[in-house]
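[1] this is a predicted model, with the sequence first.
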Amino acid sequence: MRDPSRHFEAPTESLPPLGSLPFFDAAARHQSFARAAVELGVTPAAVAQRIRALEGYLGAELFQRRQRGVWLNRRGRAYHAEVSRILRDILDTSRHHADRRRLRGR
């Protein structure tokens, strides 16, 4: 029987590290951990750590790493196409609901 005091049921499978998705999106758009770090106001090492966590969850690398930079690989390009769409949807939905609250005087 479901406990009515619980507001959130955990999915049967664990979600990816959701905090890593904006880091992945920035790194994918810039093709650079350093430029992503500037955008996000963190260090390149912090970006790299979040990307590694996401890759660990997926069990696959998303970037080709070379001495002079990083590039999305095929899997990374496909994943980024979907993640960026989802992040845009979240942003649009949040803006929509924020506007509605302001219009109601809250």
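    Perfect, thanks for sending it. Residues are numbered from 1 along each chain as shown.

[2] now the residue nearest in space to the middle of the chain: closest residue in space, sequence neighbours ignored.
    By CA atoms, centre = their mean, the chain has its centre lying nearest to Leu21, at 1.0 Å. The spatially closest residue to Leu21, leaving aside those adjacent along the chain, is Val83, at 5.7 Å (CB to CB, 6 or more residues apart in numbering). In this view, the C-beta of every residue, glycine as well, is placed from N, C-alpha and C.

[3] from Asp89, how far out is that neighbour?
    11 Å (CB to CB, to the nearest Å).

[4] scan this protein for its longest helix.
    Ranked by residue count, the top helix of the chain under DSSP state H comes out as helix 74-103.

[5] any weak-confidence spans in this structure?
    1-12, 99-106 (pLDDT under 70).

[6] picking that back up, contacts only, for the residue nearest to Leu21.
    Leu21, Phe24, Asp25, Ala28 (CB atoms under 8 Å, 6 or more residues apart in numbering).

[7] tally of neighbours for Thr93?
    10 (other CB atoms under 10 Å).

[8] my error: substitute Glu39 in the last question.
    Glu39: 16 neighbours (other CB under 10 Å).

[9] could you find the closest non-adjacent residue to it?
    Ala26 (5.0 Å).
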